[in-house]
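*Asks:* Below is the sequence, then the predicted model.
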Amino acid sequence: MNTTVFKLDDVGEKHNVVIDSNTGLSVVIPVYNSEGIILELHKRLTNELNSLVRDYELIFVNDDSPDNIWAKIQTLAATDPHVKAISLRRNFGYDSALMAGLNYVRYPYVVIMDDDLQHAPEEIPLLLTEIEKGFDVVYGNFLVKKQSLVKNLGSWFVGKLAQLIVNKPAHLQITSYKILRQEIAKGIVKYGGPYPYIDGLIFQMTSSINRVMVTHHERAKDRGGHGIFKSMRILLNFCTTFSILPLRIAILLGLLISSSAGVFSIGLVIVKLWFGIDMEGWTSIILAITISGGIQLIGLGLLGEYVGRSYMNINRQPQYVIKDTVSINQVQQLNQTEEYQVAELT
């Protein structure tokens, strides 16, 4: 698959219409193990948004957090009409929790951010100002990330894969701090696959994407839910949902092994005929195993390609299951009328 590289100034195609920010703003925040942070997060969001937009909503999605955060969210909702909340029946993962929240946004712009105050609410105006220039999506990008070296390397690797798989612009960081138009959210929630990846869906839907530079802060307190194993699961979902590249790598690997074994076989024949040197028996055995193994990889890759395509189309495992809600009208969902199907990348 070809990789498209953009300059930062070329990222996205601007719209001509500029929408007044006073129409309102939705903020969707998956929460997990952040009981000690939620009150401060709510306070800072409220202080910022009260003076920024005419109206807003804060949609917290509890991804089956083991702490007492759901009770705290219910308390906030009882005193603040802007607070809405969804609680899932089990831990479905970050992107599935986002899908649950995005289904109920009702304002023209939607901010997505983490619950740990590494994304400062005070920088939402930067995102809003940029998207009002006409972009569909604006990412908050960081000069320095306040996280472990392993996570930084993982982010870099995912970014490179995204360039290959979904044609992500080279100078754009994929981050969980972003703002998008409601039309994009409406398209995202039409995806019916069991393992959503929000950023992959965004890049399949629009090229009108830009970035603003913001500050990445230390986690306020508590321990986050994005460990190495969950990060690997997200990476696997990304690769297998939006591309059949891993299967094609298996095919190429099989071809490479078989070709190498074939060249080696020819070399052995030449040595035997030209120099009269007899090869030991184990050589032919290893050679036969290598050739057959390569052929099997080719066959498995081809079989997997067909199975993978079928799997993408027919699997309807639920993305999430809602256990409880606060101030959420479950009849008013973005995906209740229209159909949307993500195009399969080939």
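*Replies:* Great, that's in hand.

*Asks:* which residues of the stretch 1-150 of the chain score low on pLDDT?
*Replies:* For the stretch 1-150 of the chain, the stretches with pLDDT under 70 are 1-22, 146-150.

*Asks:* ranges for the strands of it?
*Replies:* With DSSP state E, counting those that start in this stretch as the criterion, the stretch 1-150 of the chain has strands at 25-31, 56-62, 83-88, 109-112, 137-142.

*Asks:* Output the ones you listed in CSV; the columns should cover distance to Met205 and mean neighbour count.
*Replies:* Glycine gets a C-beta too; all of them are placed from N, C-alpha and C. Listed next are the strands of the stretch 1-150 of the chain as CSV, based on distance: least, Cβ to Cβ, whole Å; neighbours: other Cβ atoms under 10 Å:
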stretch, distance to Met205, mean neighbour count
strand 25-31, 17, 25
strand 56-62, 21, 24
strand 83-88, 23, 23
strand 109-112, 14, 26
strand 137-142, 9, 24
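
*Asks:* With distance to Ala97 as added columns, please give these in a markdown table.
*Replies:* Shown next, in a markdown table, are the strands of the stretch 1-150 of the chain (distance: least, Cβ to Cβ, whole Å):
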| stretch | distance to Ala97 |
| --- | --- |
| strand 25-31 | 4 |
| strand 56-62 | 4 |
| strand 83-88 | 6 |
| strand 109-112 | 11 |
| strand 137-142 | 19 |
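
*Asks:* ok, what's across the strand from Phe142?
*Replies:* Per DSSP bridges, the residues bridged to Phe142 are Val214.

*Asks:* Outside of stretch 61-79 itself, list whatever touches it.
*Replies:* With Cβ atoms under 8 Å, 6 or more residues apart in numbering as the test, stretch 61-79 has contacts from 28-35, 38-39, 42, 60, 83-94, 96-98, 100-101, 222, 225, 324, 326-327.

*Asks:* same thing but 7 Å
*Replies:* Contact with stretch 61-79 is made by 28, 30-35, 38-39, 42, 60, 83, 85-92, 97, 100-101, 326-327, as judged by Cβ atoms under 7 Å, 6 or more residues apart in numbering.

*Asks:* With stretch 40-49 instead?
*Replies:* 25, 27, 56, 58, 76, 115, 117, 121-122, 124, 220.

*Asks:* Same question for that stretch: list its buried residues.
*Replies:* Residues of stretch 40-49 classed as buried: 41-42, 45-46, 48-49 (neighbour count, 16 or more other Cβ atoms under 10 Å).

*Asks:* Strands along the stretch 201-346 of the chain, start to end?
*Replies:* 209-214, 322-326.

*Asks:* possible to save the ones you listed as a markdown table with distance to Phe264, mean pLDDT and mean neighbour count?
*Replies:* A markdown table is the format used below for these (distance: least, Cβ to Cβ, whole Å; pLDDT from 0 to 100; neighbours: other Cβ atoms under 10 Å):
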| stretch | distance to Phe264 | mean pLDDT | mean neighbour count |
| --- | --- | --- | --- |
| strand 209-214 | 48 | 94 | 20 |
| strand 322-326 | 59 | 94 | 15 |
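
*Asks:* TSV please, covering those strands and showing distance to Ile251.
*Replies:* Formatted as TSV, the strands of the stretch 201-346 of the chain follow (distance: least, Cβ to Cβ, whole Å):
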stretch	distance to Ile251
strand 209-214	32
strand 322-326	41
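
*Asks:* can you tell which of those is closest to Gly294?
*Replies:* The closest of the strands of the stretch 201-346 of the chain to Gly294 is strand 209-214. By Cβ to Cβ, the value is 41.0 Å.

*Asks:* and the closest residue in space to Asn329 that isn't next to it in sequence, how many neighbours does it have?
*Replies:* In space, and not counting its chain neighbours, Asn329 is closest to Tyr104: 7.5 Å by Cβ to Cβ, 6 or more residues apart in numbering. Tyr104 has 23 neighbouring residues, counting by other Cβ atoms under 10 Å.

*Asks:* isn't Tyr104 right next to Glu57, touching?
*Replies:* No - at 8.6 Å, Tyr104 does not count as touching Glu57 under the criterion of Cβ atoms under 7 Å.
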